[in-house]
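Colleague: Sequence first, then the predicted structure:
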Amino acid sequence: MNHITERVLKETEFILKTGHTIREIAVHFSISKSTVHKDLHERLCQIDKNKYKQVKEILKYHTDIRHIRGGESTKKKYLEMEL
């Protein structure tokens, strides 16, 4: 097993265990968001289709709620500015 496959599987286990976002995974593994995205969207499908389906659901959830998280972050920012 090459190092890319090992990295993809480590990222996969991490997201399945924690449910973290691509950005959080990138920080945890000290790699770029683009690399994580490519690993989880393209490479994982070729390595393990079952895990790919599970990861795809988590990533879809993050996409579905990103507007809510962005709004909360903006609200927090402006509340802190008032202090």
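Modeller: Ah, there it is. Residues are numbered from 1 along each chain as shown.
Colleague: show me what contacts the residue positioned nearest the centre of the chain?
Modeller: Centroid-nearest residue in the chain, with CA atoms, centre = their mean: Ile22, separated by 2.3 Å. Contacts for Ile22 (CB atoms under 8 Å, 6 or more residues apart in numbering) come out as Lys33, Val36, His37, Leu40, Leu59, His62. (Glycine included, C-beta is placed from N, CA and C.)
Colleague: Quick check: which element contains the last one?
Modeller: For His62, the host element (DSSP states H and E) is helix 49-82.
Colleague: where does this structure dip in pLDDT?
Modeller: Scanning the chain for pLDDT under 70 picks out 83.
Colleague: re the thing from before, show me what the helix holding His62 is packed up against.
Modeller: helix 3-18, helix 44-47 (3 or more CB pairs under 8 Å, 6 or more residues apart in numbering; DSSP states H and E).
Colleague: how far does it sit from the chain's center?
Modeller: 10 Å (CA atoms, centre = their mean, to the nearest Å).
Colleague: Also stretch 20-30?
Modeller: With CA atoms, centre = their mean, you get 6 Å for stretch 20-30.
Colleague: buried residues in that stretch?
Modeller: By 16 or more other CB atoms under 10 Å, the buried positions in stretch 20-30 come out as His20, Thr21, Ile22, Glu24, Ile25, Ala26.
Colleague: So the first one is in contact with Phe29, correct?
Modeller: No: His20 sits out of contact with Phe29 when judged by CB atoms under 8 Å, with a separation of 10.6 Å.
Colleague: Common neighbours of these two, please.
Modeller: Phe14.
Colleague: got the buried residues of stretch 20-30 as a markdown table, with secondary structure and distance to Asn2 columns?
Modeller: Formatted as a markdown table, the buried residues of stretch 20-30 follow (DSSP: H, G, I helix; E, B strand; the rest coil; distance: CB to CB, whole Å):
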| residue | secondary structure | distance to Asn2 |
| --- | --- | --- |
| His20 | coil | 24 |
| Thr21 | coil | 26 |
| Ile22 | helix | 22 |
| Glu24 | helix | 25 |
| Ile25 | helix | 20 |
| Ala26 | helix | 20 |
